[in-house]
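Q: Need the 3D shape of this:
(4 chains)
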There are 2 protein chains.
Amino acid sequence: MVDTMPKSKILIIEDQAPMRRNVALMLELEGYDTCTAENGLVGIEVAHREKPDLILCDVMMPELDGYGVVQALRVEDAFATTPFIFLTAKSDRSDIRAGMNFGADDYLTKPVVRDDLLAAVQTRLAKAAAIRGRLDDATNASFDPDFTSHEPLQTAFGLTPREAEVLLWVAQGKSNGDVAAILEMSEKTAKQHLGVCFQKMGVESRTAATLAAIEILAKRKA
Amino acid sequence: MVDTMPKSKILIIEDQAPMRRNVALMLELEGYDTCTAENGLVGIEVAHREKPDLILCDVMMPELDGYGVVQALRVEDAFATTPFIFLTAKSDRSDIRAGMNFGADDYLTKPVVRDDLLAAVQTRLAKAAAIRGRLDDATNASFDPDFTSHEPLQTAFGLTPREAEVLLWVAQGKSNGDVAAILEMSEKTAKQHLGVCFQKMGVESRTAATLAAIEILAKRKA
DNA sequence: AGCGCTATCCGACAAAAGTCGGATACCCGA
DNA sequence: TCGGGTATCCGACTTTTGTCGGATAGCGCT
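A: This next block holds a predicted model:
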């Protein structure tokens, strides 16, 4: 891993060209990647193409206004958690409330000060990164089945306690002999129980049973 | 699942008693659970005890002000994504920016209108729920190994391509005979390859090998 | 008590899974 | 070109796995 931290990509949706370029310039000087759109419809299209990490959006625009953009994007899974910041001249309290209630993450009023813009962008990106980190944790740790109890198996497949115990050890890679020793029973008995497990689980080999068992045991508690 | 949707719990950290009770009342009438604290230090303590789903917080308070609260809680994993809304009389633009830049999710100015308060609370709870939903998806779907390619196994255990192919099928519960048929080789050959896999993987049974292989294949790409 | 039901236990046999030795073919460097 | 290393292939033998039948003990119900 020698690749340097990838630049965050920011989409700017803004009607007026000078403003658009000005904001883009400020952000690029800070090392961000930028892309722009001149109205809401184009903005949504660009968002799909560029997958930005954060969206800055004007409110008053032709074709589709900022409220429409945030509504359209928020229902999409890909953008449900993308930080969305309004950047607009509409600075009345009611305007601000309306914008935030559409699900925006921040609301900057024009004329925007450089420091405010950068701080807001940084804060929201940091927050999004924190959330993404949590998601990664959840997915990377995805394989850690819980072998502490056989009850999940019992309920999942309708097994008897003893059968579930046998399956629990089999699912950890133990041989029939090992299981028999651990549970203090004859190896034949272990086999018998396991055979019943196969029937009830609808599988016909110890490996397939292991897979099914792991699938149950890997479900994690929130 | 007959249990009714659990009420969201909201923590109100606010210096002035009348204001505190007023806000709490408004929220309770909407069906929320509330708990309160009269300053920042108490607020943090209550937050740990009650694990609120959302926090409303004044800025100017004795002991520890709102900025301090949000800073203290944001670094804790448990509260890193809990919606945090400032509720304060400090309505200057610079105050708002400061609050948002500390990582707050919204900023309401006193005197607060009932509709604004409820809308803000609802919006932020909805957003938090969306994020939580994603986390749950990630953890619940935690078991879906990717059986489309044998290369991960090859690199993970130093296997040859053919060996990895055999292991890939074995890890899906296939018998040696099945694997041989699928890969068009003799069953003996399949066994031979698998035996080498066992050595290289440091296991001694097909089930243990399956577990190790699944662990590799279950790691998900972001 | 007598009956059916289930959970638990075990032994013997057939079918796999796993091990051993050996063979061919390829690539790469001496 | 000629070994040395490796990937691939296969057959015979041993061990484990899976299946069949059968036995006992508890539990609820009539």
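
Q: how big is the angle separating the longest helix seen in chain A from helix B:114-140?
A: Across chain A, the longest stretch assigned as helix under DSSP state H is helix A:114-140. Angle of helix A:114-140 versus helix B:114-140, following axes from the mean of the first three to the mean of the last three CA atoms, to 10 degrees, is 40 degrees.

Q: Helix A:114-140: which residues count as buried?
A: By 16 or more other CB atoms under 10 Å in any protein chain shown, the buried positions in helix A:114-140 come out as A:116-121, A:123-125, A:127-128, A:131, A:134-135, A:138-139. C-beta here means a position set from N, CA and C on the backbone, and glycine is covered the same way.

Q: Equivalent analysis for stretch A:191-205, please.
A: Of all the residues in stretch A:191-205, those buried under the rule 16+ other CB under 10 Å are A:193, A:194, A:196, A:197, A:198, A:200, A:201, A:203.

Q: what's it in contact with?
A: Contacting residues not belonging to stretch A:191-205 are listed as A:157-160, A:162-163, A:166-167, A:170, A:176, A:206, A:209, A:212-213, B:173, B:175 [CB atoms under 8 Å, 6 or more residues apart in numbering or on different chains].

Q: what subset of those residues is also close to DNA strand C?
A: A:160, A:162, A:163, B:175 (CB under 7 Å from any atom of the strand).

Q: what residues are up against the most far-flung residue of chain A relative to its centre?
A: Within chain A, residue A:186 marks the point farthest from the mean C-alpha position, 47.8 Å out by CA atoms, centre = their mean. Applying CB under 8 Å, 6+ apart, we find residue A:186 in contact with residue A:180.

Q: which phi and psi does it have?
A: phi -70, psi 150 (degrees, to the nearest 10).

Q: and it, how far is that from DNA strand D?
A: For residue A:186, the distance to DNA strand D equals 10 Å [CB to the nearest atom of the strand, to the nearest Å].

Q: next one: residue A:159
A: Residue A:159 sits 15 Å away from DNA strand D, taking CB to the nearest atom of the strand as the criterion.

Q: Make sure that residue is actually in contact with residue A:167.
A: Yes. Using CB atoms under 8 Å, residue A:159 is in contact with residue A:167, at 6.7 Å.

Q: Now flag whichever of the buried residues of helix A:114-140 is closest to residue B:44.
A: residue A:127 (19.6 Å; CB to CB).

Q: pLDDT value on the closest one, please?
A: The score at residue A:127 is 91. That number is its pLDDT.

Q: Quick check: chain neighbours aside, which residue is closest to it?
A: Leaving aside its chain neighbours, residue A:127 sits nearest to residue B:103 (6.3 Å; criterion: CB to CB, 6 or more residues apart in numbering or on different chains).

Q: burial measure for that neighbour, as a count.
A: Residue B:103 has 19 neighbours, counted by other CB atoms under 10 Å in any protein chain shown.

Q: Return the distance of it relative to DNA strand C.
A: 53 Å.

Q: That residue: what secondary structure?
A: The local conformation at residue B:103, judged by DSSP: H, G, I helix; E, B strand; the rest coil, is coil.

Q: again, but for residue A:35
A: strand.

Q: Is it in contact with residue A:9, as I believe?
A: Yes. Look at residue A:35 against residue A:9 with CB under 8 Å: they come within range, at 6.8 Å.

Q: What score does the closest residue to residue A:119 other than its chain neighbours have for pLDDT?
A: The spatially closest residue to residue A:119, leaving aside those adjacent along the chain, is residue B:101, at 4.6 Å (CB to CB, 6+ apart). Residue B:101 is assigned a predicted lDDT (pLDDT) of 94.

Q: Quick one: name the residues of chain A near DNA strand D.
A: So chain A meets DNA strand D at A:175-177, A:187-188, A:191-192, A:194-195, A:198, A:204-207 (CB under 7 Å from any atom of the strand).

Q: who's in contact with the nearest residue to residue A:168 once chain neighbours are set aside?
A: Spatially, and ignoring its direct neighbours in sequence, residue A:168 is nearest to residue A:150 (4.3 Å; CB to CB, 6+ apart). The contact partners of residue A:150, taken as CB under 8 Å, 6+ apart, are A:161, A:164, A:165, A:167, A:168.

Q: out of residue A:159 and residue A:167, which sits in the busier spot?
A: residue A:167 (30 against 23).

Q: so where does the closest residue in space to that one that isn't next to it in sequence fall, helix or strand?
A: Residue nearest to residue A:167 in three dimensions, not counting chain neighbours: residue A:197, with 5.0 Å by CB to CB, 6+ apart. Here residue A:197, judged by DSSP states H and E, is contained in helix A:187-201.

Q: chain center to that helix, what's the gap?
A: Put simply, helix A:187-201 sits 40 Å off its chain's centre (CA atoms, centre = their mean, to the nearest Å).

Q: With stretch A:163-170 instead?
A: Taking CA atoms, centre = their mean, one finds the center of stretch A:163-170 at 34 Å from the center of the full chain.

Q: and it, C-alpha only, in PDB?
A: Output of stretch A:163-170 as PDB, limited to C-alpha atoms (Å, rounded to 0.1, in the frame of the first residue of the first chain):
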ATOM      1  CA  GLU A 163     -27.600 -33.200  17.700                       C
ATOM      2  CA  ALA A 164     -26.900 -29.500  17.800                       C
ATOM      3  CA  GLU A 165     -23.800 -30.100  20.000                       C
ATOM      4  CA  VAL A 166     -22.400 -32.600  17.600                       C
ATOM      5  CA  LEU A 167     -23.000 -30.300  14.700                       C
ATOM      6  CA  LEU A 168     -21.400 -27.400  16.600                       C
ATOM      7  CA  TRP A 169     -18.100 -29.300  16.800                       C
ATOM      8  CA  VAL A 170     -18.300 -30.700  13.300                       C
END
